[in-house]
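S.K.: Structure of the sequence below:
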Amino acid sequence: MKTHHPADPVSSTVSGIDRLIRNVQAGRFERSLSGLTAAGALVTAAEIYLEHDKASFGNAWMWVPVALGPVGAAAGVAGVFSRRMAKTALPLASAAIIANGLQGTWLHLQGIRQKPGGLSNLRYNLEMGPPLFAPLLVTLVGGMGVLASVLRREP
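M.R.: Model (predicted):
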């Protein structure tokens, strides 16, 4: 059985999952997290569109997270290819997504309050009203973008 000395170039070569783990441990995850932000923004925007369409876009604010999805995706893709975009466009788009997610949580709470019985019928209205915690999921996408912008780039 052949063993490698630590100074041997073959044993010091890192690839695949080991490289990913080392980059994350070293805080070098900007490009990867920018890409994940882009994908997350598109998936959540599509889901939000379908859910808000069920509600016939009864409030004009329902269009904002749908519109911010492609903005977040474009900023995420730009962050993959450009360090400058990862430090400028991505955190701006991500901050807008976070703000809109927090606003959406407030609007969903108001929608629950407006159901018959309001907050005194909370369990039923949480189940039948707008999903209270769904907008917080979109804030996670924005949070990923902000985090990506403060991390170091992979080599």
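S.K.: before we move on, what SS does residue 66 have?
M.R.: Using DSSP: H, G, I helix; E, B strand; the rest coil as the criterion, the local structure at residue 66 reads helix.
S.K.: tell me the contacts of it?
M.R.: Residue 66 is in contact with 45, 48-49, 52, counting by Cβ atoms under 8 Å, 6 or more residues apart in numbering. Where C-beta positions appear, they are placed from N, C-alpha and C, glycine not excepted.
S.K.: Out of these, which is nearest to residue 137?
M.R.: Using Cβ to Cβ, residue 48 comes nearest to residue 137 of the contacts of residue 66, at 9.4 Å.
S.K.: Now go through the contacts of residue 66 and say which are in strands.
M.R.: Under the assignment DSSP state E, the contacts of residue 66 contribute nothing to strands.
S.K.: from these, which is closest to residue 78?
M.R.: Checking the contacts of residue 66 one by one against residue 78 (Cβ to Cβ), the nearest turns out to be residue 45, at 16.7 Å.
S.K.: so what's the spatially closest residue to that closest one that is not a sequence neighbour up against?
M.R.: Distances taken as Cβ to Cβ, 6 or more residues apart in numbering put residue 69 closest to residue 45, at 2.1 Å, once the chain neighbours are dropped. Going by Cβ under 8 Å, 6+ apart, residue 69 touches 41-42, 44-46, 48-49.
S.K.: Quick check on those: which are buried?
M.R.: Among those, those classed as buried by neighbour count (16 or more other Cβ atoms under 10 Å) are 41-42, 44-45, 48-49.
S.K.: With pLDDT and distance to residue 63 as extra columns, can I get those residues in a markdown table?
M.R.: As requested, the buried ones among the contacts of residue 69 are exported to a markdown table (pLDDT from 0 to 100; distance: Cβ to Cβ, whole Å):
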| residue | pLDDT | distance to residue 63 |
| --- | --- | --- |
| 41 | 98 | 15 |
| 42 | 98 | 16 |
| 44 | 97 | 14 |
| 45 | 98 | 11 |
| 48 | 98 | 10 |
| 49 | 98 | 9 |
